[in-house]
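Engineer: sequence and predicted structure, then a few things I'm wondering about:
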Amino acid sequence: MARDYVGRSKPKGNSRSTRSGSRSRAPERRTPWLAIILVLMLATSLGYLIYLVKGSAEARTTPASSKAAHATTPPAAPVNPIDQRPVEKWRYIEQLENKEIVVDVPKVEESSQRHLMQCGSFRSAEQAEQLKAHIAFQGLVAQVRRSEGSNGIWYRVILGPYERKRQAEQDKHKLMRAKVNHCAIWLWEG
């Protein structure tokens, strides 16, 4: 219910007596007896259900004939389940122990083929020698070969010969990291 607090006038006379008298007490809370009775009935029925289940489980594990057999035999030493070794149910452990793998490795044939790597071809011998020195700073040995052809005289900077192409590729990557590009690997017989 809405109240108008703005237009409220001051009470006349003793303000304490009117204030205390005008307030009403909060209604007393009633005890929820119905909820308490339902909870007690539910707890009792749950306890009875647990009792029935527990009794039926004990009846299945200890029949009368096994009770008599246990009474005549002497009790064995208690067995700790932690001390028992688990039973393996996997077969792959035995299969892996007895497995043998055969790998065929092809033999490397000796051939007269070798790989050469050409890193540059220049008209002047000085430029070829500069590239040869730059390659030498990388820890590789290069050769300058002079060749004459229909285009004139050329000075080629060559590394190798390499027995395997993989070795030539390793040196090529080393030179690429040192900013010596345009190296070409080619097959040479001889």
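Structural biologist: Arrived safely. Numbers count the residues shown, from 1 in each chain.
Engineer: distance of residue 97 relative to residue 87?
Structural biologist: Applying C-beta to C-beta, to the nearest Å, the value for residue 97 to residue 87 is 18 Å. Placement of C-beta: from N, CA and C, glycine included.
Engineer: so for the longest helix along the chain, what's the average pLDDT?
Structural biologist: In the chain, assigned by DSSP state H, the helix with the most residues is helix 33-61. Throughout helix 33-61, pLDDT has a mean value of 88.
Engineer: how about stretch 126-141?
Structural biologist: pLDDT averaged over stretch 126-141 gives 95.
Engineer: which parts of that stretch are buried?
Structural biologist: When burial is assessed from 16 or more other C-beta atoms under 10 Å, stretch 126-141 yields the following buried residues: 128, 131, 132, 134, 135, 140.
Engineer: can you list contacts of that stretch?
Structural biologist: Contact with stretch 126-141 is made by 119-120, 122, 142-144, 155-157, 159, 171, 174-175, 178, 180, as judged by C-beta atoms under 8 Å, 6 or more residues apart in numbering.
Engineer: make a ChimeraX selection of the buried ones in those.
Structural biologist: Listed next is the ChimeraX selection for buried residues among these, using 16+ other C-beta under 10 Å:
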select :119,120,122,142,144,155,156,157,159,171,175,180
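Engineer: from the contacts of stretch 126-141, which ones fall inside strands?
Structural biologist: Here DSSP state E is the test, and those give 119, 120, 122, 142, 143, 144, 155, 156, 157, 159 as lying in strands.
Engineer: in a markdown table, list the residues you listed along with distance to residue 184.
Structural biologist: Output for those, formatted as a markdown table (distance: C-beta to C-beta, whole Å):
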| residue | distance to residue 184 |
| --- | --- |
| 119 | 8 |
| 120 | 10 |
| 122 | 15 |
| 142 | 14 |
| 143 | 15 |
| 144 | 16 |
| 155 | 16 |
| 156 | 11 |
| 157 | 11 |
| 159 | 11 |
